[in-house]
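Colleague: sequence plus predicted model, see below.
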Amino acid sequence: MFFLRSIFINAISFIIAFLSIKNLILKNRELFNFIDYFNIYGASSFLLLCFYLKYLSNSIYFMEIIIFIIITFYYLRSFNTATQKYHERFKITILSLGNSKKSYFSNFLSKKILSRGFEAYLFALSLHYFLDKLFYSLYVYVHPLIIVIPAVILFLTALAKTSKVNKIYKILK
């Protein structure tokens, strides 16, 4: 049951994120900047805290909605990085060959985005299933610091990854 629920939640999030990024690309819009914090470390951090709170409190449905939103943001960020990687390199070349934006997206960019998205899907599926099964299986009370400290460290890693190297250097110096 846990695995089927993980597949379902991740599949719906994946489809919503793909359709959203497709719409943003075709309309030449950008994602919000806070999506950059939902890389692999940031998403892991938020999911760790959400699963802990899900089984600690009685607000299971509310936390499932929050988990769904976090996974969708993770997919959006994954699709966005793939888009930036390939879109900036090949957009002018492919569009100069006479393709429209729609055919450019459907023939070229969507394949690149989906290959990156499949990798993100497998990671999110395994993380969602693992954390769901782990916290469901724990019969003992887990001290909050055991969960909060790794979550904060993962979030700091996400901040370090998304910030410029010079900022990190100035902080550490």
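Modeller: Received the coordinates, thanks. Residues are numbered from 1 along each chain as shown.
Colleague: for the rest of this, base every contact and every neighbour count on C-alpha atoms.
Modeller: Noted.
Colleague: where's the residue nearest the centre of the chain, which helix or strand?
Modeller: Residue closest to the average C-alpha location in the chain (C-alpha atoms, centre = their mean): Tyr74, at 0.9 Å. Assigned by DSSP states H and E, Tyr74 falls within helix 60-96.
Colleague: tell me which residues touch Ile71, please.
Modeller: Asn10, Ser13, Ala43, Ala124 (C-alpha atoms under 8 Å, 6 or more residues apart in numbering).
Colleague: can you tell me how far it is from Pro144?
Modeller: Noted for Ile71: a distance of 23 Å to Pro144, by C-alpha to C-alpha, to the nearest Å.
Colleague: go on, Thr72?
Modeller: In this view, Thr72 and Pro144 are 26 Å apart by C-alpha to C-alpha.
Colleague: buried residues in the helix or strand Lys111 falls within?
Modeller: Lys111 is part of helix 110-137 when elements are defined by DSSP H and E. Residues 110, 112-114, 116-117, 120-121, 124-129, 131-132, 135 are the ones in helix 110-137 that count as buried (16 or more other C-alpha atoms under 10 Å).
Colleague: which elements pack onto that helix?
Modeller: Applying 3 or more C-alpha pairs under 8 Å, 6 or more residues apart in numbering; DSSP states H and E, we find helix 110-137 packed against helix 2-26, helix 40-56, helix 60-96.
Colleague: between the ones you listed, which gets the lowest average pLDDT?
Modeller: Lowest mean pLDDT of these: helix 60-96, a mean of 85.
Colleague: okay, the helices and strands packed on helix 110-137, which one's buried deepest?
Modeller: Most buried of the helices and strands packed on helix 110-137 by mean neighbour count (mean count of other C-alpha atoms under 10 Å) is helix 40-56; its value is a mean of 21.
Colleague: CA atoms only: put that helix into PDB for me.
Modeller: Provided in PDB are the C-alpha atoms of helix 40-56 (Å, rounded to 0.1, in the frame of the first residue of the first chain):
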ATOM      1  CA  ILE A  40      17.900  17.200  -4.100                       C
ATOM      2  CA  TYR A  41      19.100  18.400  -0.700                       C
ATOM      3  CA  GLY A  42      16.300  20.900  -0.100                       C
ATOM      4  CA  ALA A  43      13.600  18.500  -1.100                       C
ATOM      5  CA  SER A  44      15.100  15.800   1.200                       C
ATOM      6  CA  SER A  45      15.300  18.300   4.100                       C
ATOM      7  CA  PHE A  46      11.600  19.400   3.700                       C
ATOM      8  CA  LEU A  47      10.400  15.800   3.200                       C
ATOM      9  CA  LEU A  48      12.200  14.500   6.200                       C
ATOM     10  CA  LEU A  49      10.600  17.200   8.400                       C
ATOM     11  CA  CYS A  50       7.200  16.700   6.800                       C
ATOM     12  CA  PHE A  51       7.200  12.900   7.300                       C
ATOM     13  CA  TYR A  52       8.300  13.300  10.900                       C
ATOM     14  CA  LEU A  53       5.400  15.800  11.500                       C
ATOM     15  CA  LYS A  54       3.000  13.600   9.600                       C
ATOM     16  CA  TYR A  55       3.400  10.600  12.000                       C
ATOM     17  CA  LEU A  56       4.000  12.800  15.100                       C
END
